[in-house]
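In: kindly return the folded structure for what I paste below:
(one chain, ligands or ions: 1)
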Amino acid sequence: MDRYLVFGHPVRHSKSPFIHTLFARQTQQELEYGLAEPAVDEFAQALRTFFDQGGKGCNVTVPFKEQAFTLVDCLSSRAKRAGAVNTIKLTDDGVLLGDNTDGAGLVADLKSHGVTLADSRILLLGAGGAARGALAPLLAELPSELVIANRTHTKAQQLAAEFCDLGPVTAQTYEQLAGPFDLVINSTSASLQGELPPLAPALIHTDIAIYDMMYGASDTAFISWAKQHGARQSMDGLGMLVEQAAEAFTVWRGIRPGTKQVLRELKRNLGVI
Ligand code: ATR
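Out: Coordinates of the predicted model:
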């Protein structure tokens, strides 16, 4: 049977095996999908061993995405832009192809929630790996403006400079931000510590959509805060997780699974509904 897995550390709580097992069942593909948690300095060897032993493809998550970028034979253009690899496929020619489906997953999830990206003003909070992966797919949707704000402003400036050939992207400090924005995407890891990015409440209005790439059994700190200040629509990153997985599954198997039912089952599994 074709073998896939996700590499991460820690990875025990990953939902990827659950999601890909449902995709396989739905599309009647024969495959198994497992977990691998190599020591941080043993990822390269573990990756080699997996493919030497017949593995067909894998996902890569924290903290290995940047290292995976350096270990594959060939990079997709979206992986090059993201500077990170979250999906690897062994091609029929024996080439390890590195791809990145995170940004495509974000855009697919935003669209499935009915969020309009074309001609919109988007505020992206954070300038780490998650922000980098999102920029090219967001700019491809032709927003009228995309502003990056980050605690460490120089990182936002660097990102804006790197992506400004793709669309109208600029960097501003949190203090400089002037609304109205149509969509705020929180790519910071602040919610992991239950913290908030230092965003002025005045930027939240009833007609704004809020997206937090993090997720949990209850609202993230950022979503609670935005709701409290009147945000009309808020979304967490669970849908992005399922959509990036669907994109990876499509890369591996050449068949696109449906995501709605899988997202519903995942929410049930997490106790969200
Ligand atoms: P990831 O790969 O998930 O993006 P990362 O590269 O470590 O992770 O980036 C984390 C991002 O969250 C950074 O933009 C970080 O801001 P700094 O560049 O100033 O470190 C941001 N971040 C983390 N905690 C934050 C907090 N409490 N408030 C605001 N931004 C925060």
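
In: against residue 24, how distant is the residue of the stretch 101-250 of the chain found nearest the ligand?
Out: The nearest approach of the stretch 101-250 of the chain to the ligand comes at residue 128, 2.0 Å away (Cβ to the nearest ligand atom). C-beta coordinates here come from the backbone N, C-alpha and C atoms, glycine included. As for residue 128, its distance to residue 24 is 32 Å (criterion: Cβ to Cβ, to the nearest Å).

In: same question for residue 37.
Out: In terms of Cβ to Cβ, residue 37 sits 22 Å off from residue 24.

In: over to residue 151?
Out: Residue 151 is 41 Å from residue 24, by Cβ to Cβ.

In: also residue 204?
Out: 41 Å.

In: before we move on, what about residue 11?
Out: 19 Å.

In: repeat that for residue 110.
Out: 26 Å.

In: neighbour-wise, which of these two wins?
Out: The neighbour comparison of residue 110 against residue 24 (other Cβ atoms under 10 Å) goes to residue 110, with 24 against 19.

In: list the buried residues in whichever helix or strand that one is part of.
Out: Under the criterion of DSSP states H and E, residue 110 resides in helix 102-112. Of the residues in helix 102-112, 102-110 count as buried by neighbour count, 16 or more other Cβ atoms under 10 Å.

In: number of nearby residues for the spatially closest residue to residue 252 that is not a sequence neighbour?
Out: Nearest non-adjacent residue to residue 252, counting by Cβ to Cβ, 6 or more residues apart in numbering: residue 57, 4.5 Å away. Look at residue 57: counted by other Cβ under 10 Å, it has 25 neighbours.

In: correct me, but residue 57 touches residue 249?
Out: No. Residue 57 is not in contact with residue 249 according to Cβ atoms under 8 Å; the separation is 9.3 Å.

In: following element in sequence after the helix or strand where residue 242 lies, please.
Out: According to DSSP H and E, residue 242 maps onto helix 238-253. Remark: after helix 238-253, the chain's next helix or strand is helix 260-270, criterion DSSP H and E.

In: could you give the angle of that next one to helix 102-112?
Out: Here the directions of helix 260-270 and helix 102-112 differ by 100 degrees (axes from the mean of the first three to the mean of the last three Cα atoms, to 10 degrees).

In: centre of the chain to helix 260-270, how far?
Out: Mean-position distance between helix 260-270 and its chain equals 18 Å (Cα atoms, centre = their mean, to the nearest Å).

In: for residue 42, see how far away the most centrally placed residue in the chain is.
Out: The geometric centre of the chain, computed from its C-alpha atoms, lies nearest to residue 102 (Cα atoms, centre = their mean), at 3.4 Å. Relative to residue 42, residue 102 is positioned 24 Å away (Cβ to Cβ).

In: with residue 212 instead?
Out: 32 Å.
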